[in-house]
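Novice: Everything below, folded, please.
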Amino acid sequence: MKYKCHIPNLFTLLNLAMGILAIISVFYDQYGTSAFLIITAGVLDRLDGQLARKLNVVSDFGKELDSLCDLISFGVAPAILMWHLNLMETGALGIAATVLFAVCGASRLARYNITEFEGVYMGIPITLCGGIVALMSLYSTRFTTSMPFMLVSMLFLSYAMVSKRIKLKKR
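Specialist: Here you go, the predicted model:
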């Protein structure tokens with residue numbers, strides 16, 4: 001099967017498409033859709049790695065592509081969703097938290113790409129943090145939430161992505 005090496009990358013690019021569509025959904029005030037698309041991107045992200053290993057087509061290209069797509073789907077899209085829903089009213093502080101989340105996500109992905117993985121994640125993976133932000137945003141569309149709680153949560157998750165003190169074993 002000549003093209004089997006492209007199958008995982010197709011899932012990775014679908015992950016990216018979900019992230020872009022999640023951002024666009026925010027601009028149309030479709031917050032639930034945006035959160036759903038981010039969660040869907042997480043499922044696709046999980047599948048691309050599994051497929052690459054199962055088909056024995058793991059590559060440096062796939063690893064780099066995955067990180068670039070993850071930055072959009074789990075760094076930028078959730079940050080924009082949270083900012084638009086809960087942090088816009090905070091002015092510069094909300095903007096700073098939004099930018100910090102994406103910057104910490106990018107730093108986390110870069111560190112992951114240059115270190116040898118030994119079964120333990122240093123810091124919380126961006127996929128998990130982005131999914132948490134999407135779920136928090138979805139929750140905030142249904143229930144009254146505290147803006148300070150959302151702001152502190154964004155700051156904590158930003159720190160958690162780059163922390164060397166937080167370690168999670170891969171399941």
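
Novice: quick one: low-confidence parts of the protein?
Specialist: In the prediction, the chain carries residues with pLDDT under 70 at positions 1.

Novice: Spatially nearest residue to the most centrally placed residue in it, not counting backbone neighbours?
Specialist: For the chain, the residue sitting closest to the mean C-alpha position, by Cα atoms, centre = their mean, is residue 74 at 1.5 Å. Here the nearest residue to residue 74 in space, its sequence neighbours aside, is residue 130; by Cβ to Cβ, 6 or more residues apart in numbering that works out to 2.8 Å. To be clear about C-beta, it is placed using only N, CA and C from the backbone, and glycine gets the same treatment.

Novice: can you tell me how far the one you found sits from residue 80?
Specialist: 11 Å (Cβ to Cβ, to the nearest Å).

Novice: Also residue 51?
Specialist: 28 Å.

Novice: for residue 103, same thing?
Specialist: Applying Cβ to Cβ, the value for residue 103 to residue 80 is 14 Å.

Novice: higher neighbour count, the two?
Specialist: Here residue 103 and residue 80 are set side by side on neighbour count (other Cβ atoms under 10 Å), and the busier one is residue 80, at 21 against 15.

Novice: quick one: the more buried one and residue 143, what's the gap?
Specialist: For residue 80, the distance to residue 143 (Cβ to Cβ) stands at 21 Å.

Novice: Equivalent analysis for residue 55, please.
Specialist: Distance from residue 55 to residue 143, counting by Cβ to Cβ: 43 Å.

Novice: who's more crowded, the two?
Specialist: Each of residue 55 and residue 143 had its neighbours counted (other Cβ under 10 Å), and the higher figure belongs to residue 55 (13 against 6).
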